[in-house]
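J.: okay, predicted coordinates and the sequence, questions at the end:
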Amino acid sequence: MTDQPDLRHGGNRSVDNSSSVVVDLREYKQSKDPLPVTFHRRELDAILWIYGRMVGEGEWRDYAIDHLKDKAVFSVFKRSGEMPLFRIEKNPKLAAKQGAYSVINVNGMILKRGHELNLVLKVFDKALKLVDQ
């Protein structure tokens, strides 16, 4: 219908033919896309401490952080235009099994996996270097 002055009711009145719908908030939140997996502040602090040390040693020069639907990934690079040397991944779906955290090398091999990030990051305490073939 059109918005016409309705003098019987004292002014403009809009007639709306659409029906009101009640939405359950829990169902609405579940139907939306889930939030991406992220690193928490303490996790980033631990990762960035290792990153800073490796930059100081001249091993790493760049990094990227990806927050995906199913995992968060911190990738480290020797040069920004190359493949990442290492990926530090957080995958909550694996938390009850092998552990949510893993360190993966450039070839896709899992170097260390576990439930606690600090223990997984100890893999960098050893001298890990990329060997060109």
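T.: Ah, there it is.
J.: alpha carbons only for contacts and neighbour counts from here, please
T.: Will do.
J.: helices along this protein, start to end?
T.: Per DSSP state H, the chain carries helices over the ranges 25-31, 41-56, 117-120.
J.: need the winner for burial among these.
T.: Of all these, helix 117-120 carries the top mean neighbour count, a mean of 16, counting by mean count of other C-alpha atoms under 10 Å.
J.: and that one, how far from the chain's centre?
T.: Centroid separation for helix 117-120 versus its chain: 18 Å, with C-alpha atoms, centre = their mean, to the nearest Å.
J.: what residues are bridge-paired with the residue most central in space within the chain?
T.: By C-alpha atoms, centre = their mean, the chain has its centre lying nearest to His67, at 2.2 Å. Assessed by DSSP bridges, His67 has beta-bridge partners Ala72.
J.: doesn't Lys90 make contact with it?
T.: No - counting by C-alpha atoms under 8 Å, Lys90 is not a contact partner of His67; they are 9.6 Å apart.
J.: if I look at the closest residue to Glu43 other than its chain neighbours, how far off is Gly58?
T.: Nearest residue to Glu43, sequence neighbours excluded (C-alpha to C-alpha, 6 or more residues apart in numbering): Leu117, at 7.1 Å. Taken as C-alpha to C-alpha, to the nearest Å, the spacing of Leu117 relative to Gly58 amounts to 23 Å.
J.: what of Trp49?
T.: Separation of Trp49 from Gly58 (C-alpha to C-alpha): 14 Å.
J.: ok, Gln98 next?
T.: To Gly58, Gln98 is 32 Å away according to C-alpha to C-alpha.
J.: repeat for Ala95
T.: 33 Å.
J.: ok so, going back, mutual contacts of His67 and Lys90, please.
T.: 37, 73 (C-alpha atoms under 8 Å, 6 or more residues apart in numbering).
J.: end to end, how far does stretch 91-110 reach?
T.: End-to-end span of stretch 91-110 (C-alpha to C-alpha): 13 Å.
J.: same question for stretch 27-36.
T.: Using C-alpha to C-alpha, the two ends of stretch 27-36 sit 19 Å apart.
J.: again with stretch 20-39
T.: Terminal residues of stretch 20-39 are spaced 40 Å apart (C-alpha to C-alpha).
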